[in-house]
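K.L.:
Mind folding the following:
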Amino acid sequence: MRAVIVQKYGGTSVADAEGRAAVVARVTSAREAGSDVVVVVSAMGRRGSPYATDTLLSLLPDGRADVRERDMLAACGEVLTAVVLAHELRAAGTHAAALTGADAGIVTDASFGEARIVSLHPEALRAALDAGLTPVVAGFQGRTADGHTTTLGRGGSDTTACALGVALEASAVEIYTDVDGVMTADPRECPQARVLDRAAYEELFQMAHAGARVVHAPAAELAMHGGVPLRVRNTFSDAPGTLVSDVAPASGVATAVSHVDGVAQLRVALPEARGADDLGHMEAQTRVYRRLGRAGISLDMFTPCCDRLVFTVAEESLPAVMRVLDDLSLPYDVTTALAKVTLVGAGMRGVPGVMARVAEALCEARVPILQTADSYTTISVLVWQNMRKTAVGALHDAFGLGA
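P.N.:
Sure, this is the predicted structure:
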């Protein structure tokens, strides 16, 4: 029985004939080496390219499109790529067939624009592989149980690839893009950033969740829980890329620095306690959490206190958050133009003094820390967005992450 490899190719990899020729060569090489290949593709190119997702969505400019129909349109770019690449594979001598996400058995919930995969039925893919075909699957999409097309959110083709890899018990999932692998920081922000040889699943997930754009966060989570080895590589290079698996070599407490821009902080005043047993402030907190949850708003870096609640949200969520707080008659202050900078590393688990090193590095760089949050493998700091580049560089240097 031949091993199965899932190869995902991003928009820049399939944007033109030269790029698709490189994809065809990689698929052919993997098959000749003895593996069956399932290919997952993104839409061709980026904004401005005629078939890119953003270009297609620009046909609905007023923002009032039906969400179901918007997903129907958004899914078209990947279908176009799948059909074209399958045709080019056949022209090169590889039997191939284009499939939509629904054809590949991907069933999602009905959260149009940000759907989550709820089940996957790979029988059609297995039948295609048994027949000697190379399936070329349109990424980023699925279908609800009642037949509506959905999309998985920006970067969702990565999630398609990892979901198929888990369902098919693939020997590896390979994510091909236009960079050489997962880097210690965004090289546009930190010229000293380097490509990681290896990373742990949890580190990749935390990096993606904290703003790194190499792999979609749900994809990293799927790979982590499914235990499928993941390799991030450059379509146009022979560089080995980054291997993501369950164990990473010990190389210090930190692995990378990620960042997210466009963050807003809210400070919500709560009712004052009138005695030791007065839980009015907790009841107010609970109402805030419940109402924001119902509104579909994700809170981050939340810090509850007796007299106030401090949390962050994406700036685009501010109008909805403010409506909820106004409706609850709770006074609040808003601070915008912030960024969250996150130090990631499985090696920091249980190590004392890491926060002290973070604070010292940012103090020396004269970057004020406005709020902090941490987990076993991350330390996040909230900073002014115009100081974000300085903060990323300072942490990158302080923890010796450069080449």
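
K.L.:
Where does residue 173 sit: helix, strand or coil?
P.N.:
Secondary structure state of residue 173, per DSSP: H, G, I helix; E, B strand; the rest coil, is strand.

K.L.:
which strand residues sit across from it in the sheet?
P.N.:
Residue 173 has these beta-bridge partners by DSSP bridges: residue 6, residue 230.

K.L.:
cool, and the one 4 residues further on?
P.N.:
Partner residues in beta bridges with residue 177: residue 234, with DSSP bridges as the criterion.

K.L.:
Could I get the contacting residues of it?
P.N.:
10, 12, 13, 214, 232, 233, 234, 235 (CB atoms under 8 Å, 6 or more residues apart in numbering). C-beta coordinates here come from the backbone N, C-alpha and C atoms, glycine included.

K.L.:
Strands of the stretch 251-400 of the chain, start to end?
P.N.:
With DSSP state E, counting those that start in this stretch as the criterion, the stretch 251-400 of the chain has strands at 256-269, 300-304, 308-314, 332-344, 371-374, 378-384.

K.L.:
And those strands: which comes nearest residue 182?
P.N.:
With CB to CB, the closest approach to residue 182 among those belongs to strand 256-269: 7.5 Å.

K.L.:
What residues of the closest one count as buried?
P.N.:
Buried residues in strand 256-269, defined by neighbour count with 16 or more other CB atoms under 10 Å: 256, 257, 258, 259, 260, 263, 264, 265, 266, 267, 268.

K.L.:
Nearest to residue 374 among the contacts of residue 177?
P.N.:
residue 214 (22.8 Å).

K.L.:
got the contact list for that closest one?
P.N.:
175, 177, 179, 181, 182, 183, 207, 208, 232.

K.L.:
mind listing which of these are in strands?
P.N.:
Using DSSP state E, 175, 177, 232 are the members of those that sit in strands.

K.L.:
In CSV, list the residues you listed along with distance to residue 200.
P.N.:
Formatted as CSV, the ones in strands among the contacts of residue 214 follow (distance: CB to CB, whole Å):
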residue, distance to residue 200
175, 16
177, 20
232, 14
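
K.L.:
Go ahead and confirm residue 208 touches residue 220.
P.N.:
Yes. Judged on CB atoms under 8 Å, residue 208 makes contact with residue 220 at a distance of 4.8 Å.

K.L.:
These two: who's more crowded?
P.N.:
residue 220 (28 against 23; other CB atoms under 10 Å).

K.L.:
so what's that one up against?
P.N.:
158, 162, 201, 204, 205, 207, 208, 209, 230, 244.

K.L.:
go on, residue 349?
P.N.:
Contacts of residue 349 (CB under 8 Å, 6+ apart): 376, 377.

K.L.:
Repeat the analysis, applying 10 Å as the threshold.
P.N.:
Shown in contact with residue 349 (CB atoms under 10 Å, 6 or more residues apart in numbering): 202, 253, 375, 376, 377.

K.L.:
Can you lay out the contacts of residue 177 as TSV showing pLDDT?
P.N.:
As requested, the contacts of residue 177 are exported to TSV (pLDDT from 0 to 100):
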residue	pLDDT
10	95
12	93
13	95
214	82
232	96
233	96
234	94
235	93
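
K.L.:
out of those, who's nearest residue 345?
P.N.:
Taking CB to CB as the measure, residue 345 lies nearest residue 214 of the contacts of residue 177, at 16.6 Å.

K.L.:
Okay, that closest one and residue 396: tell me how far apart.
P.N.:
Distance, residue 214 to residue 396, using CB to CB, to the nearest Å: 16 Å.

K.L.:
Give the closest residue to residue 336 in space, chain neighbours not counted.
P.N.:
Here the nearest residue to residue 336 in space, its sequence neighbours aside, is residue 264; by CB to CB, 6 or more residues apart in numbering that works out to 4.8 Å.

K.L.:
With residue 342 instead?
P.N.:
residue 210 (3.7 Å).

K.L.:
what's the spacing between the one you found and residue 358?
P.N.:
14 Å.

K.L.:
And for residue 303?
P.N.:
Taken as CB to CB, the span from residue 303 to residue 358 is 17 Å.

K.L.:
show me the contacts for residue 98.
P.N.:
39, 41, 78-87, 89, 135-138.

K.L.:
again, only this time at 8 Å
P.N.:
79, 82, 83, 85, 86, 136, 138 are the contacts of residue 98 under CB under 8 Å, 6+ apart.

K.L.:
So it versus residue 58, what's the distance?
P.N.:
Here residue 98 is placed at a distance of 25 Å from residue 58 (CB to CB).

K.L.:
Which parts of the stretch 51-200 of the chain are strands?
P.N.:
Using DSSP E, counting those that start in this stretch, the strands found in the stretch 51-200 of the chain span residues 96-99, 106-108, 117-120, 134-138, 141-144, 149-151, 172-177, 198-200.

K.L.:
Domain ranges for this structure, per the record?
P.N.:
Following automatic domain parsing, one gets these domains for the chain: 3-178, 257-398.

K.L.:
coming back round to it: just give me the closest of the buried residues of strand 256-269 to residue 154.
P.N.:
Ranked by distance to residue 154 (CB to CB), the buried residues of strand 256-269 are led by residue 260 at 13.5 Å.

K.L.:
in terms of contact, does the closest one touch residue 210 like I think?
P.N.:
Yes. Contact status for residue 260 versus residue 210: in contact at 6.5 Å, counting by CB under 8 Å.

K.L.:
joint contacts of these two?
P.N.:
Counting by CB under 8 Å, 6+ apart, the residues touching both residue 260 and residue 210 are 340, 342.

K.L.:
what sits against residue 66?
P.N.:
Neighbours of residue 66 in contact, by CB under 8 Å, 6+ apart: none.

K.L.:
how much space between it and residue 156?
P.N.:
Taking CB to CB, one finds residue 66 at 20 Å from residue 156.

K.L.:
List buried members of the contacts of residue 220 by neighbour count.
P.N.:
Among the contacts of residue 220, the ones that count as buried by 16+ other CB under 10 Å are 158, 162, 201, 204, 205, 207, 208, 209, 230, 244.

K.L.:
related to what we said a few turns ago, let me know which of the domains of the chain is the nearest to residue 197.
P.N.:
The nearest among these, by CB to CB, is domain 257-398 at 14.7 Å.
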